[in-house]
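**Q** Generate a structure from the sequence data that follows.
(one chain, ligands or ions: 1)
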Amino acid sequence: MEILYTNTRDASEKVTASRAILNGLANNGGLYVPTEIPKLDIPVEELAGMSYQETAYAVMSRFLTDFTEEELKTCIERAYDSKFDTPEIAPLTYAGGAYYLELFHGPTIAFKDMALSILPHLLITAARKNQVKNDIVILTATSGDTGKAALAGFADVEGTKIVVFYPKDGVSPIQEKQMVTQKGENTCVVGIHGNFDQAQTGVKQMFSDPELKAELDAAGYQFSSANSINIGRLVPQIVYYVYAYAKMFANGEIGKDDPINVVVPTGNFGNILAAFYAKNMGLPIAKLICASNENKVLYDFFSTGVYDRNREFILTSSPSMDILISSNLERLIYWIAGADAEKNAELMRELSAGGKYTVTPQMREKLADFYGNYTSEEETAEVIRSLYGDTGYVIDTHTAVAAGVYRKYKAETGDMTKTVIASTASPFKFTRSVMDAIDRKYDGMGDFELADELSKIANVKVPQAIDEIRSAAVRHTTVCEPEEMPQAVKAFLQIG
Ligand SMILES: *Cc1c(COP(=O)(O)O)cnc(C)c1O
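**A** So this is what the prediction gives:
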């Protein structure tokens, strides 16, 4: 069965999977969504025996139907290899009453590697399939983790260039160091005097700027996106939910068809949307628990049906979730509107004009599987401290937001369903906040000293991603205003 992709703001547009990946974002600012969610028609007994790579093929081949078996398997092999520090790729760890699905064993130690290690291969394959002659220029806005994972994925990939914009004062010291030391002649990293939303808006504007598009085309370039608005990011993220479920079954933690809950620390709504798609493929997920930090626009949305980004932007210790415009929520809005592109487009117009929209009562009813909550900065720190104190397991700040929300959910509902928490970053990526949460005595230490301390107390080796930036030279120093983003791109491409 062929799956096509339609535009959330224009029902008349339908494209193949490879075209959707290549375009990234649709011309009118809409997102590509599958016209239908394929069924996961493989018994769990069979899934239980599969490697990560085999699971990836089973899931992705059902979505990316215009890729040949050989093409897709090659992409998967190149992505999920020894770049990951464990052959399991995404191991499950039980601690303190929940299963942590560790999505941070890739080259940049955050969950973005799960999709960004395969996206470059999908994109190059898609370009070949569609006879694209231009070089692909990846434009990416990052709240810290996507940028490095995309840079690592695309560095020195022939036929591509990548430009990453990050909020100069909105990422952790380790995150910034990881990005500005990136090697590869085709890479460009730019700090902006602004926040993530401004970076993301700037990128979206460049995508829908016809003049810029023409200028690029004349110079032999075209844009694509490595952000989770690209369906090529989302599909690989469905895989690990299926994999986790199958592992729990294989380990005897659950029986056949037993439901599980998933808790996802959420920013741009990509990761949790992937869990939602997994559920709609038929994976027995009961509740989708959406965890926010103090930028709790999603919690408010789930509790009131009103999405309102008009509020203060708070810098927290979980910077990858400091987001007020969760781009992928549009895909869910489109879904609960009953695949009504016009209704969705109307709400998105309201969002860009007044920063706010309200869904209808009928649409709200379709959100019953979601539960939203948030944690304060103090609660997040307390979760890290107490989980470490009780079990010796150290989690990062983003994962702690999820664990804190899960505690609230259990206290409120008494629901004892086995639960998987998406563990989205290694604590080594956010050592300062993590170590501060555990004990104030670490206050005066430097970032790398802290990593060594963490290694001792958690009894975990310092990841290679940290070791390699200890002495790496800074290669990227450009900083600009949000309005100057197009000029920065043109300067890098030497056009205009
Ligand atoms: C990106 C990121 C998130 C948020 O994921 P979304 O898919 O944007 O909701 C959470 N935690 C970490 C560590 C991240 O890098």
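**Q** Strands of the stretch 101-250 of the chain, start to end?
**A** 135-141, 160-167, 187-192, 221-225 (DSSP state E, counting those that start in this stretch).
**Q** Need the winner for burial among those.
**A** strand 160-167 (a mean of 25; mean count of other C-beta atoms under 10 Å). Every residue, glycine included, has its C-beta placed from N, CA and C.
**Q** Does at least one residue of that strand sit close to the ligand?
**A** No - counting by C-beta under 6 Å from any ligand atom, the ligand is not contacted by strand 160-167; separation bottoms out at 12.3 Å.
**Q** Alpha carbons of that strand, as PDB, please.
**A** Extracted C-alpha coordinates of strand 160-167, given in PDB (Å, rounded to 0.1, in the frame of the first residue of the first chain):
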ATOM      1  CA  THR A 160      24.800  19.100   1.200                       C
ATOM      2  CA  LYS A 161      25.600  22.200   3.200                       C
ATOM      3  CA  ILE A 162      24.200  23.000   6.600                       C
ATOM      4  CA  VAL A 163      23.500  26.200   8.500                       C
ATOM      5  CA  VAL A 164      22.500  26.100  12.100                       C
ATOM      6  CA  PHE A 165      21.000  29.100  14.100                       C
ATOM      7  CA  TYR A 166      21.000  28.900  17.900                       C
ATOM      8  CA  PRO A 167      20.000  31.400  20.600                       C
END
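**Q** Show the average pLDDT along it.
**A** Rounded to a whole number, the mean pLDDT of strand 160-167 is 96.
**Q** Which strands border it, and is each parallel or antiparallel?
**A** Using DSSP bridges, strand 160-167 pairs in its sheet with strand 135-141 (parallel), strand 187-192 (parallel).
**Q** so it versus strand 221-225, what angle?
**A** 50 degrees (axes from the mean of the first three to the mean of the last three C-alpha atoms, to 10 degrees).
**Q** give the contact list for Asp169.
**A** Leu315 (C-beta atoms under 8 Å, 6 or more residues apart in numbering).
**Q** Of the strands paired with strand 160-167, which is nearest the ligand?
**A** Proximity of the strands paired with strand 160-167 to the ligand was assessed by C-beta to the nearest ligand atom; the nearest stretch is strand 135-141, lying at 11.4 Å.
**Q** starting at the chain centroid, how far to that closest one?
**A** Distance of strand 135-141 from the chain centroid (C-alpha atoms, centre = their mean, to the nearest Å) equals 17 Å.
**Q** what's the answer for stretch 426-433, then?
**A** 18 Å.
**Q** again, but for stretch 352-367
**A** 23 Å.
**Q** same deal with stretch 358-378?
**A** In terms of C-alpha atoms, centre = their mean, the centre of stretch 358-378 is set 19 Å apart from its chain centre.
**Q** List the buried residues of that stretch.
**A** Val359, Met363, Leu367, Phe370, Tyr371, Gly372, Asn373, Tyr374, Thr375, Glu377 (16 or more other C-beta atoms under 10 Å).
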